[in-house]
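K.L.:
fold the following for me, if possible:
(one chain, ligands or ions: 1)
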Amino acid sequence: MADDSTGQTLHALADERRTFPPTERIKADALTVDTSLYDEAAEDDEAFWARQAAELLDWDTEWTTVLDWQLPYAKWFVGGKLNVAANCLDRHVAAGLGDRVAIHFEGEPGDTRTITYADLLAEVQRFANALKGLGVEKGDRVNIYLPMIPEAAIAMLACARIGAPHSVVFGGFSSQALADRIDDAEAKVLITADGGHRRGSVFPLKPAADEAVESTTTIEHVVVVKRGDNDVDMVDGRDHWYHELVEAADADCPAEPMDSEDLLFLLYTSGTTGKPKGIMHTTGGYLTQVAFTHKYVFDLHAETDVYWCTADVGWVTGHSYIVYGPLANAATVVMYEGVPNYPGNDRFWDIVEKYKVTKLYTAPTAIRTFMKWGVEEPAKHDLTSLKVIGSVGEPINPEAWMWYREVIGGGECPVVDTWWQTETGGIMISPLPGATTTKPGSATFPLPGISVEVVDEAGNKVERGGGYLTITRPWPGMLRGIWRHPQRYHDAYWGRYPGRYFAGDGAKLDDDGYLWLLGRVDDVMNVSGHRISTTEVESALVSHPAVAEAAVVGATDTTTGQAIIAYVTLRSGASDVQSVGIDDLRNHVAGEIGAIAKPKTIYLTPDLPKTRSGKIMRRLLRDIAEGRNLGDTTTLADASVVDEIAARATATPQED
Ligand code: WT7
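P.N.:
Below you'll find the model as predicted:
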């Protein structure tokens, strides 16, 4: 493969030979211990998914056609009607599970809330009525910009209940990023909070929400959840306190029967251009896939399990594996508001012990951070309740995988490394705890009903060795498009290899047919499991008045997976480093996108290496950032630029 960092990863993984078959403990009561699901799906994937849709969900109206596939547009369970909130709440309460805990909420300061399925249903109905009272109708878009508090799930479910697609924006994004997403979705209502708790203090959200609303034109009402207790300005007639609306709302709100293909939500994610894309997910197929994968990948025993996914609801992992998958399966979930190191580095393990968490789902970047903090932190707590431990968001290196298995899982818990994307809606490649022999660092095999192939540059199938990951058959949770940009949908995912969905990831098949995911092969970075495009950060940098040009690359980082490195040329007249501080530039990016997009290091340079046609040579800049020998520079317009930059790159990095 052309990509050097991928080449290095390939090399590092080539020697990984350890294997871990399912333990007797897990096999004793696992939902599946053999290949029967795989065999069934291989026989007829549509029939397989139809069986899951029928068994896992309640439908108001049966579908007439399982799959209508007009490449690249899929419709699943055509003609079927159902409501997502009714599937996540009403039917469980009707089945006598009203007293089961749906959400154990743990606030960062240590406050807690226990919300049963009956409580959640009651609250969702009231808030759904409140939204209707603000004029929200079926099909209207609602933006959600909240901390990790139960109201985030309540807001999503209330939208789903009345058929208003939601667009959740991660609370760490800036007001500008929020405004872009409000504009693109033309959202009518924004649901936010005064503030939330993070690392021991209150971070305000309402001022950013206000700024965004002022710079956009479509928001008619703002709902504000009281959480941080920080002072906020409430605009008369526009802004409403959540608790007042809910208190005044009617208790009964019937769930709107939705078409299987009605839009459930938009979720914006970075692509290779400067503009995030609104990924469209619909109702029946999405819920089928997240319910199925949540059940089997985590070997769910809903009566006894306590399941904790540490993601934020602002990302797809939070949508699919905090809210929709687990609640569709009547699971008990833990929801935690804050950071892993408040008040101490053992907060996660404290939570696991306190709630007797049985299934844990977290990210490699967190695992590597815990490794740095040392085994003494988890050792302070009893983690023996754990049964299955999952990983998502980026490739997990074998060392982190082994540490997770041994130190957190006590050598007894299957590790499920799950590969998927915002676009896939649900997990695509993962072991099944009772059935799959794992290898440290490998996501193993596609799940039943999922068809993937690794191909070479030319699109030919690769049987063994490295290449590009493609998906060859439609799947129920797949994105249905990019909001308002059908051509971009076509080009970004289906244009490169005819008839195949191209995921943007490199992958390798080993001699036993195991899949090893190698990270992105496009201009998308993965920083702590967060997806950020190089172009987006470049646009943010050049929007600073002093910046003439910027090039951004993701360089390998031992904790965050990749780190953002920027090379910036200043406008003449602004070339004095004193007048434009590096920190001004870094903060400018945080203001444009959010703190997660702050470059770790910025190098000021008089010029950027370009090809003769004017394309910035990012690969070369990544070589410099990662301290590698420089490859071929003969296509460069001006080769001396590279020496200059390489000399400057010996400067001390400017981390936080
Ligand atoms: C990209 C998708 C899936 C929810 C969180 C991220 C990378 C994700 C893995 C994994 C190797 C992984 C890929 C993918 N990725 N999981 N288990 N092993 N890489 O969702 O923001 O849409 O990012 O994350 O590169 O393309 P996302």
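
K.L.:
drop to CA atoms for contacts and neighbour counts, all remaining ones
P.N.:
Noted.

K.L.:
ranges for the helices of the stretch 1-150 of the chain?
P.N.:
With helices called from DSSP state H, counting those that start in this stretch, the stretch 1-150 of the chain shows them at 4-13, 24-29, 36-43, 45-56, 84-85, 91-92, 117-133, 150-162.

K.L.:
the ligand contacts on the chain?
P.N.:
Residues of the chain lying close to the ligand (Cα under 6 Å from any ligand atom) are 316-317, 392-395, 417-422, 503-505, 517, 519-520, 529-531.

K.L.:
got the domain boundaries for this protein?
P.N.:
24-509, 524-651 (automatic domain parsing).

K.L.:
most packed of the ones you listed?
P.N.:
domain 24-509 (a mean of 20; mean count of other Cα atoms under 10 Å).

K.L.:
thinking again about what came up before, make CSV out of the domains of the chain and add mean pLDDT.
P.N.:
Shown next, in CSV, are the domains of the chain (pLDDT from 0 to 100):
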stretch, mean pLDDT
domain 24-509, 98
domain 524-651, 85
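
K.L.:
could I get those domains as CSV with distance to residue 18?
P.N.:
Compiled in CSV, the domains of the chain are given as follows (distance: least, Cα to Cα, whole Å):
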stretch, distance to residue 18
domain 24-509, 6
domain 524-651, 22
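
K.L.:
hang on, isn't residue 146 packed against residue 154?
P.N.:
No. With contact defined as Cα atoms under 8 Å, residue 146 does not reach residue 154; the gap is 11.2 Å.

K.L.:
anything in contact with each of those two?
P.N.:
Residues touching both residue 146 and residue 154 (Cα atoms under 8 Å, 6 or more residues apart in numbering): none.

K.L.:
and the residue of the stretch 151-300 of the chain nearest the ligand?
P.N.:
residue 269 (6.6 Å; Cα to the nearest ligand atom).

K.L.:
next one: phi and psi at that residue?
P.N.:
Phi and psi for residue 269, reported as degrees, to the nearest 10, are phi -140, psi 160.

K.L.:
residues touching it, list them.
P.N.:
276, 277, 278, 279, 422, 531, 532.

K.L.:
between the residues you listed, which is nearest residue 436?
P.N.:
residue 422 (24.8 Å; Cα to Cα).

K.L.:
nearest residue to that closest one in space, please, no chain neighbours.
P.N.:
Nearest residue to residue 422, sequence neighbours excluded (Cα to Cα, 6 or more residues apart in numbering): residue 316, at 5.4 Å.

K.L.:
picking that back up, so which of the residues of the chain next to the ligand are in strands?
P.N.:
392, 417, 418, 503, 504, 505, 517, 519, 520, 530, 531 (DSSP state E).

K.L.:
list the strands paired with the strand or helix carrying residue 555, with their directions.
P.N.:
Here residue 555 sits within strand 547-557, counting by DSSP states H and E. Under the criterion DSSP bridges, strand 547-557 sits next to strand 561-570 (antiparallel) in its sheet.

K.L.:
what is the following helix or strand past the partner strand packed up against?
P.N.:
Downstream of strand 561-570, the first helix or strand assigned by DSSP H and E is helix 582-592. Helices and strands touching helix 582-592, by 3 or more Cα pairs under 8 Å, 6 or more residues apart in numbering; DSSP states H and E, are helix 175-185, helix 534-542.

K.L.:
10 Å - rerun?
P.N.:
helix 175-185, helix 534-542, strand 561-570, strand 601-604 (3 or more Cα pairs under 10 Å, 6 or more residues apart in numbering; DSSP states H and E).

K.L.:
to residue 322, which of those lies closest?
P.N.:
Per Cα to Cα, nearest to residue 322 of the helices and strands packed on helix 582-592: helix 175-185, 22.0 Å.

K.L.:
which ones are touching residue 144?
P.N.:
151-152, 155-156, 166-171, 178, 182, 187, 189-193, 222-223, 313-314 (Cα atoms under 10 Å, 6 or more residues apart in numbering).

K.L.:
with residue 100 instead?
P.N.:
Contacts of residue 100 (Cα under 10 Å, 6+ apart): 92-93, 114-119, 302-303, 330-332.

K.L.:
for residue 361, same thing?
P.N.:
Residues near residue 361 by Cα under 10 Å, 6+ apart: 298, 307-311, 317, 321-322, 388-392, 415-418.

K.L.:
coming back round to it: if you look at the contacts of residue 144, which of them are in strands?
P.N.:
166, 167, 168, 189, 190, 191, 192, 193, 222, 223.

K.L.:
wait, the fifth one touches residue 216, no?
P.N.:
Yep, that's residue 190 we're talking about. No. Counting by Cα atoms under 10 Å, residue 190 sits too far from residue 216 to count as a contact (11.5 Å).

K.L.:
residue 544: which element?
P.N.:
With DSSP H and E as the test, residue 544 turns up in no helix or strand.

K.L.:
ok, now how distant is it from the ligand?
P.N.:
26 Å (Cα to the nearest ligand atom, to the nearest Å).

K.L.:
phi first, then psi, for that residue.
P.N.:
phi -80, psi 130.

K.L.:
ok, residue 137 next?
P.N.:
phi -120, psi 160.

K.L.:
now do residue 425
P.N.:
phi 80, psi -40.

K.L.:
doesn't residue 294 make contact with it?
P.N.:
No. Here residue 425 does not reach residue 294: they are 11.9 Å apart, not a contact under Cα under 10 Å.

K.L.:
who touches both of the two?
P.N.:
Shared contacts of residue 425 and residue 294, defined by Cα under 10 Å, 6+ apart, comprise residue 320.

K.L.:
that older thread, of the contacts of residue 100, closest to the ligand?
P.N.:
Among those, residue 331 lies closest to the ligand (Cα to the nearest ligand atom), at 20.0 Å.

K.L.:
and that closest one, helix, strand or coil?
P.N.:
coil (DSSP: H, G, I helix; E, B strand; the rest coil).

K.L.:
now do the contacts for it.
P.N.:
88, 100-103, 117, 294-295, 300-307, 322-323, 325.

K.L.:
out of those, which sit inside strands?
P.N.:
Per DSSP E, the contacts of residue 331 map to strands at 101, 102, 103, 307.

K.L.:
which of these lies closest to residue 479?
P.N.:
residue 307 (26.0 Å).

K.L.:
touching, the closest one and residue 357? I think so.
P.N.:
Yes. Using Cα under 10 Å, residue 307 makes contact with residue 357 at a distance of 5.9 Å.

K.L.:
great, nothing more from me.
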